[in-house]
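>>> Based on what follows, work out the 3D shape:
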Amino acid sequence: MQAPVERQNLSIRVAGLKPSGIRKFFDIAATMKDVISLGIGEPDFTTPRPILEAGVRSLQAGETHYTSNSGKIELRQAIAENLKRLYGVEYDPFSQVIATVGVSEALYLAMTALLDPGDEVIIPTPCFVSYQAEVILAGGVPVEIPSRMEDDFQLDPGRVEAAITPKTKVIFVGYPNNPTGAVASKEVLQEVVRIAEKHNLLIISDEIYDRLVYDFQHVCVPALGEYAMDHTLLLGGFSKDYAMTGWRIGYAAGPSDIVRGLVRIHQYTIMSAPTTAQDAATEAIHSGETYVKDMVAEYDRRRRLIVPGLNRLGLTTFEPRGAFYAFPRISASGMDDDTFAEKLLQEEHVAVVPGNAFGMGGEGFVRCSYATAYEKIEEALRRMEQFMSRHG
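Below is the predicted model:
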C-alpha cells in the first residue's frame, strides 16, 4: 500500500512568513540580567493619570459589554473632531471612522478588505515589520521601494512610479517612519498623491507617530487635496502619542465604502475594540494634549543625546525628525547588522534591532529606540563605546 503523503498543516502563506526580527533579540534579552533595551518601540511613560482614571471610571460604571462594531460614537466623534482640529480633514464619525484593536488590527483590516490575490502594494522601506506580512497574509504581493540615508530616508516618488504595474492597487506610506525616524515632506507626499491619481490607486497612510515630531509640522496625507481625501485610508491610534500601548486601541478613517468593508471583517473577527480602552481613548483626546507635549519634549531631549552620541562612536546616524528611533549605520564595526546586534547584546548587554528586520534598505543599520530613560541611554552609549573600542 502506498504511504500517505505527509500533509502540511500550516497554509503556505503562514509557513512562509519569517519570524519578527524585533522579537528574536528580546526573547534572548529576557533571559539575561542587566540588559539596557534600545530596541522595543514602546513609550517608557505610564499612561497619563486622567486617562487611567477614565478607564477605571468606565469599569466601575459597569461599562464591560460589547459596543457597536465600529466603536462608541463618543470616541469616533472625538477622533473626527481631533483630526479636523489638527489637520483640517473632515470625517463623518458615523460612517467613516472605526475603532480598532490598535493600529495593528486596522492594518490587517485594510489589507484584507482591499486586496485580491496577486494585488501589489508598493511599500517604501525600511518600514515597520508588519507591513509586508499583512500584505502576504491577505494574498497580496509587497513591492519594496528602498530609501537611502543619503536622501534622509525620503520616499522617492520616481521609484514609486517606476514600480507600478497593472497589478498595483495600493501605495503604502508610513511617516513619521519606524525604524528611521524620517518624516516625509509635503512636496514628496503631494507627488505621491499625484502618482496615485494618475494611475487610479489607493493610498494607505499609517500615521501612528503623527504627534511625535521635532522641529517639523506633520503632513496628514488625506489633507493633500480632494483625490487624497477620497482615496486614502488613514490609520492612527493612541499607543505612541498617549503612551497607551497596552490598551490596544487605534482607528481607521477613510471613504465610507472602504470603512464599511473594514467593519464587515471586524464584526466577524473582533466584534468591537475593548470598551474600557475606548473610554480611556476618548479622555485622551479631550485632556491629553499637555501630556503629549511633555512627552515630546522629553523624547527630543533624548534624541539630542543619542544621535550625537552614536555619531561620536563612528556609527553614522541620520538625524530623526519624528517617532523615537535612531537608525545608525554600523559599517565602522566591520560586522553585518545581525552579528553587530548579537555581539552587542552578549558582550555589553545592550539590545538593538538589526536593520534587515525592516526590509530592503535596512541592511547595514540597527534600530535604537530612545523611548527609554535618559540615564539608561547614557549608560548604553558608554557600553557601546567600549564595544566599538574593541570592534571599531
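
>>> And the helices in this structure, which stretches?
If you assign secondary structure with DSSP state H, the helices in the chain sit at 12-15, 21-29, 49-60, 73-87, 102-114, 130-137, 157-162, 186-198, 226-231, 256-269, 275-287, 289-312, 337-348, 374-391.

>>> between those helices, which gets nearest to residue 176?
helix 289-312 (11.3 Å; CB to CB). For every residue, glycine as well, the C-beta is placed using N, CA and C.

>>> Let's see the closest one as CSV, backbone CA atoms only.
C-alpha atoms of helix 289-312 as CSV (Å, rounded to 0.1, in the frame of the first residue of the first chain):
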residue,chain,number,x,y,z
GLU,A,289,-2.7,67.4,25.0
THR,A,290,-0.4,68.7,27.7
TYR,A,291,0.9,65.3,28.4
VAL,A,292,1.7,64.7,24.7
LYS,A,293,3.7,67.9,24.6
ASP,A,294,5.6,67.0,27.7
MET,A,295,6.5,63.6,26.3
VAL,A,296,7.6,65.0,23.0
ALA,A,297,9.9,67.5,24.8
GLU,A,298,11.5,64.6,26.8
TYR,A,299,11.9,62.4,23.6
ASP,A,300,13.5,65.4,22.0
ARG,A,301,16.0,65.7,24.9
ARG,A,302,16.9,62.1,24.5
ARG,A,303,17.2,62.5,20.7
ARG,A,304,19.7,65.2,21.2
LEU,A,305,21.7,62.8,23.4
ILE,A,306,21.7,59.6,21.4
VAL,A,307,22.2,61.0,17.9
PRO,A,308,25.5,62.8,18.5
GLY,A,309,26.5,60.0,20.9
LEU,A,310,26.2,57.4,18.2
ASN,A,311,28.0,59.7,15.6
ARG,A,312,30.8,60.2,18.1
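
>>> Please point out which parts of it sit buried.
Neighbour counts using 16 or more other CB atoms under 10 Å place 291-292, 295-296, 298-300, 302-303, 306-307, 309-310 of helix 289-312 among the buried residues.

>>> Select, out of the helices of the chain, the one closest to residue 328.
Taking the helices of the chain one by one with CB to CB, helix 289-312 is closest: 4.6 Å.

>>> what's the closest one packed up against?
strand 325-326, helix 374-391 (3 or more CB pairs under 8 Å, 6 or more residues apart in numbering; DSSP states H and E).

>>> Now the longest one: buried residues?
So the one you mean is helix 374-391. Applying 16+ other CB under 10 Å to helix 374-391 flags 376, 377, 380, 381, 383, 384, 387, 388, 391 as buried.
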